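A.B. asks: Turn this into a structure:
(one chain, ligands or ions: 2)
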Amino acid sequence: MKLYNTLTHKVEEFKTHEPGKVKMYTCGPTVYHFAHIGNLRSYIMEDVLEKFLRYEGYEVTRAMNVTDVGHLTSDGDTGEDKMLKGARREHKTVMEIAKFYTDAFFADCEKLNIKIPEIVEPATNCIPEFIKMVSGLIEKGYAYEAGGNVYFDTSKLDDYYVFNAHNAEDLEVGVREGVEADDNKKNKTDFVLWFTKSKFEDQELKWDSPWGLGYPGWHIECSAISLKHLGEYLDLHCGGIDNVFPHHTNEIAQSEAYLGHPWCGHWFHVLHLNTASGKMSKSKGQILTVSVLEEKGYDPLVYRFFCLLSHYRKSLVFSWDALDNAAASYGKLVAKTAALDTDGEVDRALFDEYRAKFKAALDADLNTSNAITEVYNVFKAKTNGATKAALLADYDRVLSIGLLEAAEKLKEKNEAEEAPAAGELTSKIEEMISRRLEAKRARDFATADSIRCELSAMGVDIVDTPDGTKYTIR
Ligand code: AMP
Ligand code: ZN
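C.D. replies: Ligands and ions are numbered 1, 2, ... in the order given. Here you go, the predicted structure:
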């Protein structure tokens, strides 16, 4: 598979450390609020990537953290802990907030057909692993204690800006206007591995450590959790584009310094979902969530379909009009699927030919919009419904837009609407029988006959007996 690598700035052949096996890591949610549909764009595209790798035959092991401590309101180690902020807002404990929003995140994933990684680890589960890694970095001379905190010394690296994607503003992290400079840092770009002292007090969760009672920095959690579950060599690391700097840059710095060798070969980043007024963000008050979409009457899978229509390396602008268009297209695909007559044999040759085209679309840097074009092409194919349904089922192992399931629901709904309720049917039959009787009394045999035919077409047979007209339903 050819896939863009943020590390090399090239679309290149995706390679793994061990043939046929992929160790994949995903930066998970910070659970202080509902995930907005922008966050979920990243998880949808990562889900497609994981499923496509499996479709290609790789054995994938995927781990994801849940950030429930240490992510400060500024990615540059300043501000308040986001979890504490959430707890204050809702008058709950940090752990209550974490549980509530972790469950909400997984519920959203389920609605969007996002497979939850088999390994999910909350940061607060791994304090011993963080302490071990920070101690190792101090021993190797890559970290230092200052003012009670432990910092990573970025000057010890030949190349700290591995992604080369920083801009002047990134370089100013920690010294931006409105953000106080941290005098403990030896270099502007140094970052906190372990806090015992921070700019705010009352951190709710604290643990003992060789450096005093405190809590981990945000970046160390992903390096340590990845190492714990996926070993020393990672094949694929994913996240939204905002994670490139400083989060992923810092993950690479500390992981490679600790391990003493290159760590992760391939970096996959999803560009942002924006609104017409700019980036979607959890801290910007009213946020667009899956529940908001549902309240407005959208099937969450329409949002997944909307995301797949665009390439993950292009930013995507959200608007209700654009979502309406996606909903209309999705509805048409569901109706076409429902109309397939799936009796008969699958045409294997055609199936393989179409499958190869679908695979080729995704092989080319996960081009989901071309993959959706292949879905349309299935309906145009000169073959039977059984082959078309088999192709849709096969593609859905990757796309998970659920056309076959939605078509089944549509058929059930249509049948329920068409078939009148038992009571309604009885009164309709009785009304027709009495009209026929009146017609016969009036010697209007043509009308009487036509009512008999109508009843027969409805599956109702009638016989005239001395006790009146009796009917049976076929
Ligand atoms: P967070 O819960 O803030 O840690 O973010 C979870 C994931 O969503 C990370 O991978 C972010 O990079 C990603 N993300 C944040 N904002 C957006 C956005 N507007 N569009 C797409 N992905 C985003
Ligand atoms: Zn991370």
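A.B. asks: Spit out the contact partners of Ala123.
C.D. replies: For Ala123, the contact set (C-beta atoms under 8 Å, 6 or more residues apart in numbering) comprises Asn65, Val66, Thr67, Asp68, Val69, Gly70, Pro216, Glu221, Ile225. (C-beta placed from N, C-alpha, C; glycine too.)
A.B. asks: Which ChimeraX command selects the buried ones in these?
C.D. replies: Only the buried entries of those go into this ChimeraX selection, using 16 or more other C-beta atoms under 10 Å:
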select :65,66,67,68,69,70,216,221,225
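A.B. asks: restrict the contacts of Ala123 to contacts with ligand 1.
C.D. replies: Restricting those to those adjacent to ligand 1 (criterion: C-beta under 6 Å from any ligand atom) gives Thr67.
A.B. asks: Out of the contacts of Ala123, which sit inside strands?
C.D. replies: Counting by DSSP state E, the part of these found in strands is Asn65, Val66, Pro216.
A.B. asks: So among those residues, where is pLDDT lowest?
C.D. replies: Within those, Pro216 has the lowest pLDDT, namely 93.
A.B. asks: Which residues of the stretch 101-250 of the chain lie near ligand 2?
C.D. replies: Cys222 (C-beta under 5 Å from the ion).
A.B. asks: repeat that with 6 Å
C.D. replies: Residues of the stretch 101-250 of the chain lying close to ligand 2 by C-beta under 6 Å from the ion are Cys222, His247.
A.B. asks: Which residue does the stretch 101-250 of the chain have closest to ligand 2?
C.D. replies: Here the stretch 101-250 of the chain gets closest to ligand 2 at one residue, Cys222, 3.2 Å apart by C-beta to the ion.
A.B. asks: what does the stretch 51-200 of the chain give?
C.D. replies: Closest approach between the stretch 51-200 of the chain and ligand 2, counting by C-beta to the ion: Asn65, at 6.2 Å.
A.B. asks: Next: the stretch 1-150 of the chain.
C.D. replies: Relative to ligand 2, the nearest point of the stretch 1-150 of the chain is Cys27 (3.2 Å; C-beta to the ion).
A.B. asks: Which pLDDT does the model give that residue?
C.D. replies: Per-residue pLDDT puts Cys27 at 97.
A.B. asks: Is there a neighbour count for it? I'd like the number.
C.D. replies: Close neighbours of Cys27, defined as other C-beta atoms under 10 Å, add up to 23.
A.B. asks: thinking again about what came up before, neighbours around the residue of the stretch 101-250 of the chain closest to ligand 2, how many?
C.D. replies: For Cys222, the neighbour count with other C-beta under 10 Å is 27.
A.B. asks: what's the closest non-adjacent residue to it?
C.D. replies: Glu251 (5.2 Å; C-beta to C-beta, 6 or more residues apart in numbering).
A.B. asks: residue ranges of the strands in the stretch 251-400 of the chain, please?
C.D. replies: Using DSSP state E, counting those that start in this stretch, the strands of the stretch 251-400 of the chain run over residues 264-270, 273-275, 278-279, 316-318.
A.B. asks: Then the stretch 101-250 of the chain?
C.D. replies: In the stretch 101-250 of the chain, the strands defined using DSSP E, counting those that start in this stretch lie at 119-122, 143-146, 149-152, 191-195, 215-216, 234-240.
A.B. asks: Single out the most deeply packed of these.
C.D. replies: Mean neighbours per residue, mean count of other C-beta atoms under 10 Å, is largest over these for strand 191-195, with a mean of 27.
A.B. asks: so Val378 touches Ala393, yeah?
C.D. replies: No. Val378 lies out of contact with Ala393 (C-beta atoms under 8 Å); the separation is 10.6 Å.
A.B. asks: And the nearest residue to Ala335 once chain neighbours are set aside, how far from Ala416?
C.D. replies: Spatial nearest neighbour of Ala335, chain neighbours left out: Leu410 (6.9 Å); criterion: C-beta to C-beta, 6+ apart. Computed as C-beta to C-beta, to the nearest Å, the Leu410 to Ala416 distance reads 11 Å.
A.B. asks: Compare neighbour counts for the two and give me the winner.
C.D. replies: Leu410 (16 against 9).
A.B. asks: any idea of the mean pLDDT for the strand or helix carrying the more buried one?
C.D. replies: Here Leu410, judged by DSSP states H and E, is contained in helix 403-418. For helix 403-418, mean pLDDT rounds to 91.
A.B. asks: From the chain's centroid, how far away is it?
C.D. replies: On the basis of C-alpha atoms, centre = their mean, to the nearest Å, helix 403-418 sits 26 Å off its chain's mean C-alpha point.
A.B. asks: Give the buried residues for whatever helix or strand comes next after it.
C.D. replies: Following helix 403-418 in sequence order, the next helix or strand is helix 422-441 (DSSP H and E). Of all the residues in helix 422-441, those buried under the rule 16+ other C-beta under 10 Å are Ile429, Met432, Ile433, Arg436, Ala439, Lys440.
A.B. asks: From those, pick the one nearest ligand 1.
C.D. replies: For these, the minimum distance to ligand 1 (C-beta to the nearest ligand atom) is 58.4 Å, reached by Ile429.
A.B. asks: burial measure for Ala322, as a count.
C.D. replies: 14.
A.B. asks: Quick check, it in contact with Phe305.
C.D. replies: No. If you go by C-beta under 8 Å, Ala322 and Phe305 don't touch, sitting 11.5 Å apart.
A.B. asks: what does the stretch 51-200 of the chain put close to ligand 1?
C.D. replies: The stretch 51-200 of the chain comes close to ligand 1 at residues Thr67, as judged by C-beta under 6 Å from any ligand atom.
A.B. asks: ok, now the stretch 201-350 of the chain?
C.D. replies: Counting by C-beta under 6 Å from any ligand atom, the residues of the stretch 201-350 of the chain lying close to ligand 1 are Gly239, Gly240, Asp242, Asn243, Val270, His272, Leu273, Lys279, Met280, Lys282.
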